[in-house]
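Q: Kindly return the folded structure for what I paste below:
(chains A and B)
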Amino acid sequence: MSANGKAPNWFVRHVVYGAAGWITLLTYLFMLLPIVVLIAFAFNAGKSTVVWTGFSFKWFEKVISNRNIIDALEVSLIVAVASAAISTAIGAVAAVAITRRSFPGRDALGAALAAPLVLPEIVLGVALLVFMSFVGMTLGYTTMIIGHVLVSIPFATLIVRAAASSLDPRLENAAADLGANEWQTFRMVTLPQLMPAIFTSFILSATLSFDNLVMSTFTSGVGTTTLPLRIYSMLKLGITPEINALGALMVLANVTILLLVMGRYLPLILKTNRR
Amino acid sequence: MSTTIKYPSPSKAVVELRGVEKRFAAFTALRRMDLTIREGEFFTLLGPSGCGKTTTLRLIAGFELPSEGQIMIAGQDVSNVPTHLRPVHTVFQNYALFPHMTVLDNVAFPLTVRRITKAERLERARAALDLVQMDAFGDRKPSQLSGGQQQRVALARALVNEPQVLLLDEPLGALDLKLRKEMQAELKAMQRRLGITFVFVTHDQEEALSMSDRIALMKGGEIVQLDTPTGLYDRPANAYVADFIGETNMIPARVVSCDADATLVEAMGTRLRVSGYHGQAAGAEVQMAIRPERVSDEIAEPSNCAEGVLADIEFIGTDLRMAYRMTDGSRVVMRRQNSGRAAPQLGETRRLGFRQQDLRLFSR
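A: Below is the predicted model of the structure:
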């Protein structure tokens, strides 16, 4: 709108608004086009990821029958679920303690849990690797899960903390007044109200772990190659539509999870936070 | 839930505060308070915000611990007993219903945490909901209820375990006027029926007068007067009480003489008799108080009257409220029932009568 309150002039209407529209469109294309192309070439009959030669499902069949990929998927899922469960549990307990209790070092604990957020992951990875070889741990599931917990814990804590600090402390007062001891109050009043946030933090932690490449590089051992590590090593041997097919499957899985989360839990989260 | 009618037994104390003091950092919220609340009574803590009434309630509930003194509930010293082990329940101003539970689960909560069997707690929760006429809403979530309905559920939840004392922290504050009046009557009736001691906190003096058996009027962390509603209204202990409860004319006056049954004062340009000995020496400057509805413009007692000019008239439906300017310049408000009798005209001079037993004197 022009400054004098009249309708915008020709220049603003056609050039400025027009440009804004085009920039928005291009931004979306820039973000989504590579994924669309990737998915399209997953159905290519030929071996090329640039030249279209015909429609086929054969690369999907190849992915599903590739033992290495299936093994890597299994590793990724185990690590994702385990590390998400651990960091969500620690995050939830820490978040409740930080928002509900006052104890010496409370602020320091809060800051320490958020620290991995600002440290470069590669530094964390190197530090963890050095520490693990120092204490003599063999690289494998344990080391990788510890590494992934380290990456996802700030996010898990922040999400549950935000939810915990928006809880009404008067509800806990009311529970005590009605005869609930501290544990009953936590289990029956505090925890159920935090469930949407805890679920969100689990999904986010699992996604972060599933996508992780840097930390996995440092902490994986023999037999614990994750899917991103496997894809990275496949790329070294040349790009085939098999990678496109794998990528398409991963996009499908992620979108499904996202829609499930949004459909089921987003309204709940919004409702809990509204007051 | 028992439905036999119980009346307050005047002797038995159910809540006792003995020299209770509560200090927060630099602020003393309660000063050496002694208070006895009797079994089965509707007791109200009344006062302006910051007077310590809510602190008193929180001390009884156990949300705050006293800095000094003892709190007894049903004969037991609970000064250091945690909230969840005290035989009192609270109805909160914001209701504090658990948003993730259904109405029925909310009401059953006090029974659930006491590990009462599912069948029994559902039955008792339904009975409590029935008591507040919310039995049709058991499956709803609190967010699907109106403010008045949430209020009823909060009441049912606090009553389901049959506490010895029910604490109510301005429970009607968020309701609109009509609903508030309805709930006042209902609360009072319920209290009578259940015989449970109610300790009610409010800043609304009308609410306090209409519901309570006894009222403690508080100011600055202390009880100014503890009395029945009529006692508080008709025999205020000092000018603060007279002014806080209802409407009062405060007229400057000077004591002329006094004897055992009456005090003679000079006020509004004339001399008036005030019943009783008020302990003031001749010549003392005092405040004379009279309720607007006790002032009369039909002179029944020609000896005790003063002249004034009608300065303002207000029509309130049931009543007429008239402000007179007296000959010495003081203002006297009188209230008269709208009986259909013609009202005097503005500017008209009238003689106002004051019955000597309706006048009260307070030192200035």
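Q: tell me the strands in the stretch 1-150 of chain B, going along the chain?
A: For the stretch 1-150 of chain B, the strands defined by DSSP state E, counting those that start in this stretch cover B:13-24, B:27-38, B:42-46, B:68-73, B:76-77, B:88-91.
Q: Could you do the stretch 151-300 of chain B as well?
A: Secondary structure of the stretch 151-300 of chain B, counting by DSSP E, counting those that start in this stretch: strands at B:165-169, B:197-202, B:214-219, B:222-227, B:249-258, B:262-267, B:270-275, B:285-290, B:295-296.
Q: just for the chain, where's the confidence low?
A: No chain specified, so I'll use chain A. Within chain A, the set of residues satisfying pLDDT under 70 comprises A:1-6, A:264-275.
Q: if you could check chain B rather than the one you did, that'd help
A: B:1-11, B:299-302.
Q: Can you spell out the domain ranges of it, please?
A: Here chain B is described, according to automatic domain parsing, as comprising the domains B:13-242, B:249-363.
Q: wait, which of those domains is closest to chain A?
A: Distances from chain A to each of the domains of chain B were compared using CB to the nearest CB; the shortest belongs to domain B:13-242, at 3.8 Å. Heads up, the C-betas are built off the backbone N, CA and C, glycines and all.
Q: how much space between the residue most central in space within chain B and B:R31?
A: Within chain B, one residue has its C-alpha closest to the average C-alpha position: by CA atoms, centre = their mean, that is B:A208, at 2.5 Å. From B:A208 over to B:R31 the distance is 21 Å, taken as CB to CB, to the nearest Å.
Q: Please enumerate the helices of the chain.
A: Chain wasn't specified; assuming chain A. With DSSP state H applied, chain A shows helices at A:10, A:17-41, A:58-65, A:67-100, A:106-114, A:121-135, A:141-165, A:169-177, A:182-185, A:191-211, A:214-219, A:227-236, A:241-264, A:266-273, listed in chain order.
Q: not what I meant, chain B
A: For chain B, the helices identified by DSSP H occupy B:53-61, B:103-112, B:118-131, B:147-159, B:177-194, B:205-211, B:229-234, B:239-244, in order along the chain.
Q: could you dump these to CSV with distance to chain A?
A: Listed next are the helices of chain B as CSV, based on distance: least, CB to the nearest CB, whole Å:
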stretch, distance to chain A
helix B:53-61, 6
helix B:103-112, 4
helix B:118-131, 12
helix B:147-159, 7
helix B:177-194, 17
helix B:205-211, 22
helix B:229-234, 28
helix B:239-244, 29
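Q: JSON lines please, covering those and showing distance to A:R106.
A: Output for those, formatted as JSON lines (distance: least, CB to CB, whole Å):
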{"stretch": "helix B:53-61", "distance to A:R106": "25"}
{"stretch": "helix B:103-112", "distance to A:R106": "30"}
{"stretch": "helix B:118-131", "distance to A:R106": "38"}
{"stretch": "helix B:147-159", "distance to A:R106": "33"}
{"stretch": "helix B:177-194", "distance to A:R106": "42"}
{"stretch": "helix B:205-211", "distance to A:R106": "42"}
{"stretch": "helix B:229-234", "distance to A:R106": "48"}
{"stretch": "helix B:239-244", "distance to A:R106": "44"}
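Q: Relative to B:A260, which of those is closest?
A: For the helices of chain B, proximity to B:A260 was assessed by CB to CB; helix B:229-234 is nearest, at 21.4 Å.
Q: List the buried residues in the closest one.
A: B:P229, B:L232, B:Y233, B:D234 (16 or more other CB atoms under 10 Å in any protein chain shown).
Q: Then stretch A:31-45?
A: For stretch A:31-45, burial by neighbour count (16+ other CB under 10 Å) applies to A:L38, A:I39, A:F41, A:A42, A:F43, A:N44.
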